[in-house]
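Asker: Return atomic coordinates for the entry below.
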Amino acid sequence: MHRFLISAAHKSSGKTTISIGLTAALKARGHGIQTFKKGPDYIDPLWLGLAAGRACRNLDFYLSPHDELKTQFARYGSLGNTDVCLIEGNKGLYDGLDLEGSNSNAALARLLDLPVILVLDARGMTRGIAPLILGYQAFDRELNIAGVILNQLGGSRHEAKLRAVIEHYTDVPVVGAVHADPRLKLAERHLGLMPANETSTAARRITEIADLVAAQVNLDRLLELTATQSVLAPPLPVRVSGKPSTPNTPPAPAIRIAIARDAAFGFYYADDLDAFAAAGAELAPFDTLHDARLPNADGLFIGGGFPECFLDALEANTSLRSDIHAAIEAGLPAYVECGGLMYLARSISWQGSTRKMVGVIPADIIMHDKPVGRGYVKLAPADAHPWLDLPAGDTPATPEIDPAAPIAAHEFHYSSVSNLPPQTRYAYRMQRGYGIDGKNDGIIYRNLLASYTHLRSTPAYDWATRFVQFVQFVRSQRKQPTQPPIEEIKPCPPRLP
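Answerer: Residues are numbered from 1 along each chain as shown. Next comes the predicted model:
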């Protein structure tokens, strides 16, 4: 078994590209790779998951307590033929939200007993590389910096000087030396890398990166330095409808939820998709750019993405926009996040152009050059939240939401909402973060909840299961002709023109 964390001295050191290359190179050698990404991130996991051939998992101190992080790591690191666990950090090794670095990469490495492979951007450096490495070792003596990968080197002479300096002054092995090469450059956007789901050449680019990394990193030495005799705990039972169940045996799908999966919308956590299946939901993917009709489904989920980059195609697909509009107006339960919220608004304006969107949310979206909301958030559920109190009956019980206990989540959006009616109802009050207006998030219209916040299903707040149960409740009400429609049970303000 081999386990290690890839980190760096600072962000933008190339650790994601190195991680992608290592993952694909080790997979090509026949290893079973399970990748993880520290912190809230959708884009890097898309690339890592594609490189590994299995979904990347997120480990986030803000969303999960220590015991849960260890359980997640043990569960997914023990699946199938896994013999390598690669965890990609975020930012620098010791960077964090607080003075003690309690949520840093170093803290995660200590928690999970992981050796660290440090990726160092060595541009313009020679002898100065030694005190940098020595300082990182001295700052936390409990941390095992098992090796370094030098990156962005200027050539063979530069590499030779750095190797000589590191060997003379430190005891840290140089695992690899990667020279600057435009073929290692991945296209970027304001969130970081361009998502892998947007490009048809992602698989080819991963293979090219893997070949370049494998030629410049000693993979045998890497595996030698990160070998462990310890065995991860066996997979623990997953939770189904609030009750323990054996792994990989979710109930037969009871409902069908349409989910947008295309180049415009691809920000989904693998844990959330698993939670849908565990709760008895079948996910029916559709393409907002090409599909003319919404799949036949009991509910709708549209996650985040970059709809602003596909405005013409989204506007041109009038039949799907009309279908979604009619379904939500008819009471279809729907949940959308960030990019999904933008898509359901009347319009999106970006770079001097405005395009029509679905129009079920009576507001307009304006893109900005800088982030409007960025980072972790805390949400206090409002009384109007449609998933708070579900009547007893056929719907399986879930733990009650404590309005006094904030929901931990995150946001990252460059857009804002304008022209929203003053009588708009909200699902959340912002205790931390920006949301819609700095005070509220989660627009409620009929059976739609649309927010900038990205939720993640955890034992503390299993939103996916709760949404599935809301969909089940709405469907059960429609099957009872003596009952009023759900819109009358949960009245909403009329939609403004």
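Asker: all strands in the stretch 101-250 of the chain, in order from the N-terminus.
Answerer: For the stretch 101-250 of the chain, the strands defined by DSSP state E, counting those that start in this stretch cover 116-121, 145-153, 174-179, 188-189, 192-193, 238-240, 243-245.
Asker: Each with direction, which strands does the helix or strand following the last one pair with?
Answerer: If I follow you right, that is strand 243-245. Later in the chain than strand 243-245, the nearest helix or strand by DSSP states H and E is strand 255-260. As defined by DSSP bridges, the strand partners of strand 255-260 come to strand 281-286 (parallel), strand 299-302 (parallel).
Asker: Could you identify which of those strands is most buried?
Answerer: With neighbours defined as mean count of other C-beta atoms under 10 Å, those peak in mean count at strand 299-302, which reaches a mean of 27. C-beta: built from backbone N, CA, C; applies to glycine.
Asker: any weak-confidence spans in this structure?
Answerer: 187-200, 229-253, 391-404, 479-497 (pLDDT under 70).
Asker: and it, what are its domains?
Answerer: Annotated domains of the chain cover 2-225, 251-489 [automatic domain parsing].
Asker: In space, what's closest to Ala258 - neighbours in sequence excluded?
Answerer: Ala297 (3.9 Å; C-beta to C-beta, 6 or more residues apart in numbering).
Asker: repeat for Gly299
Answerer: Of all residues not flanking Gly299 in the chain, Val471 sits nearest, at 3.9 Å (C-beta to C-beta, 6+ apart).
Asker: distance of that neighbour from Tyr343?
Answerer: From Val471 over to Tyr343 the distance is 20 Å, taken as C-beta to C-beta, to the nearest Å.
Asker: ditto for Arg355
Answerer: Distance, Arg355 to Tyr343, using C-beta to C-beta: 11 Å.
Asker: Chain neighbours aside, what residue packs nearest to Thr17?
Answerer: Excluding the flanking residues, the one nearest Thr17 by C-beta to C-beta, 6+ apart is Leu184, at 5.4 Å.
Asker: The one you found - how many residues pack around it?
Answerer: 21 (other C-beta atoms under 10 Å).
Asker: pretty sure it contacts Asp211?
Answerer: No: using C-beta atoms under 8 Å as the test, Leu184 is too far from Asp211 to be in contact (10.6 Å).
Asker: okay, and the common contacts of the two?
Answerer: Residues touching both Leu184 and Asp211 (C-beta atoms under 8 Å, 6 or more residues apart in numbering): none.
Asker: And the contacts of stretch 12-25?
Answerer: Around stretch 12-25, the neighbours that count as contacts under C-beta under 8 Å, 6+ apart are 6-8, 33, 35, 44, 47-48, 51-52, 86, 88-89, 119-121, 149, 151-152, 178, 184-186, 192-193, 206-207, 209-214, 217, 219, 222.
Asker: Just grab the bridge partners of Leu300 for me.
Answerer: Note on Leu300: beta-bridge partners Ala258, Ala334, judged by DSSP bridges.
Asker: doesn't Ala327 make contact with it?
Answerer: Yes: with contacts counted by C-beta under 8 Å, Leu300 reaches Ala327, the gap being 6.9 Å.
Asker: list the contacts for the residue lying closest to Phe310 once chain neighbours are set aside?
Answerer: In space, and not counting its chain neighbours, Phe310 is closest to Ala264: 4.4 Å by C-beta to C-beta, 6+ apart. Counting by C-beta under 8 Å, 6+ apart, Ala264 touches Thr288, Leu289, Gly305, Phe306, Pro307, Cys309, Phe310, Ala313, Leu314, Gly339, Tyr343.
Asker: ok, back up a step: how about the strands paired with strand 255-260 in a markdown table, adding distance to Asp441?
Answerer: Shown next, in a markdown table, are the strands paired with strand 255-260 (distance: least, C-beta to C-beta, whole Å):
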| stretch | distance to Asp441 |
| --- | --- |
| strand 281-286 | 24 |
| strand 299-302 | 16 |
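Asker: right, and those - which one's nearest Ile361?
Answerer: Comparing the strands paired with strand 255-260 against Ile361 with C-beta to C-beta, the closest turns out to be strand 299-302 (11.8 Å).
Asker: From the chain's centroid, how far away is the closest one?
Answerer: Chain-centre distance of strand 299-302: 17 Å, with C-alpha atoms, centre = their mean, to the nearest Å.
Asker: Who does the helix or strand following it pair with, and is each partner parallel or antiparallel?
Answerer: Next in sequence after strand 299-302, counting helices and strands by DSSP H and E, comes strand 304-305. Here strand 304-305 is paired, per DSSP bridges, with strand 265-267 (antiparallel).
Asker: what comes into contact with the strand it pairs with?
Answerer: With C-beta under 8 Å, 6+ apart as the criterion, strand 265-267 contacts 42-43, 46, 195, 197-198, 288, 302-305, 307, 337-340, 343, 454.
Asker: please redo it, this time with the cut-off set to 7 Å
Answerer: Under the contact criterion C-beta atoms under 7 Å, 6 or more residues apart in numbering, strand 265-267 has outside partners Tyr42, Leu46, Pro195, Asn197, Thr288, Ile302, Gly303, Gly304, Gly305, Gly339, Gly340.
Asker: now stretch 317-331
Answerer: 288-289, 291-294, 300, 334, 357-360, 446-448, 474, 485-487.
Asker: Now rank the contacts of strand 265-267 by neighbours and give me the top one.
Answerer: With neighbours defined as other C-beta under 10 Å, the most crowded of those is Ile302; it has 30 neighbours.
Asker: So that residue sits against Gly340, correct?
Answerer: Yes: the criterion here is C-beta atoms under 7 Å, and Ile302 meets it with Gly340 at 3.2 Å.
Asker: ok, Gly32 - how many residues close by?
Answerer: 16.
Asker: Could you measure from the residue nearest to Ala258 over to Tyr343?
Answerer: Distance of Ala297 to Tyr343, given as C-beta to C-beta: 17 Å.
Asker: Those two: which is more packed in?
Answerer: Tyr343 (26 against 21).
Asker: Am I right that that one sits in a helix?
Answerer: Yes: the assignment for Tyr343 by DSSP: H, G, I helix; E, B strand; the rest coil puts it in a helix.
Asker: That one against Val358, yeah?
Answerer: Yes: in this structure Tyr343 lies within contact range of Val358 using C-beta under 7 Å: 6.0 Å.
Asker: list residues touching both of these two?
Answerer: By C-beta under 7 Å, 6+ apart, no residue touches both Tyr343 and Val358.
Asker: where's Ile324, which helix or strand?
Answerer: helix 318-329.
Asker: Now do the buried residues in that helix.
Answerer: Neighbour-count burial for helix 318-329, with 16 or more other C-beta atoms under 10 Å as criterion, is recorded at Leu320, Arg321, Asp323, Ile324, His325, Ala327, Ile328.
Asker: Extract the C-alpha trace of that helix and format it as PDB.
Answerer: These are the backbone C-alpha positions of helix 318-329, laid out as PDB (Å, rounded to 0.1, in the frame of the first residue of the first chain):
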ATOM      1  CA  THR A 318     -35.300  27.000 -26.800                       C
ATOM      2  CA  SER A 319     -37.200  23.700 -26.600                       C
ATOM      3  CA  LEU A 320     -35.300  22.600 -23.500                       C
ATOM      4  CA  ARG A 321     -35.500  26.000 -21.800                       C
ATOM      5  CA  SER A 322     -39.300  25.900 -22.400                       C
ATOM      6  CA  ASP A 323     -39.500  22.400 -21.100                       C
ATOM      7  CA  ILE A 324     -37.700  23.200 -17.900                       C
ATOM      8  CA  HIS A 325     -39.700  26.400 -17.400                       C
ATOM      9  CA  ALA A 326     -43.000  24.500 -17.800                       C
ATOM     10  CA  ALA A 327     -42.000  21.700 -15.500                       C
ATOM     11  CA  ILE A 328     -41.000  24.000 -12.600                       C
ATOM     12  CA  GLU A 329     -44.100  26.100 -13.100                       C
END
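Asker: Right, I'll call it a day here.
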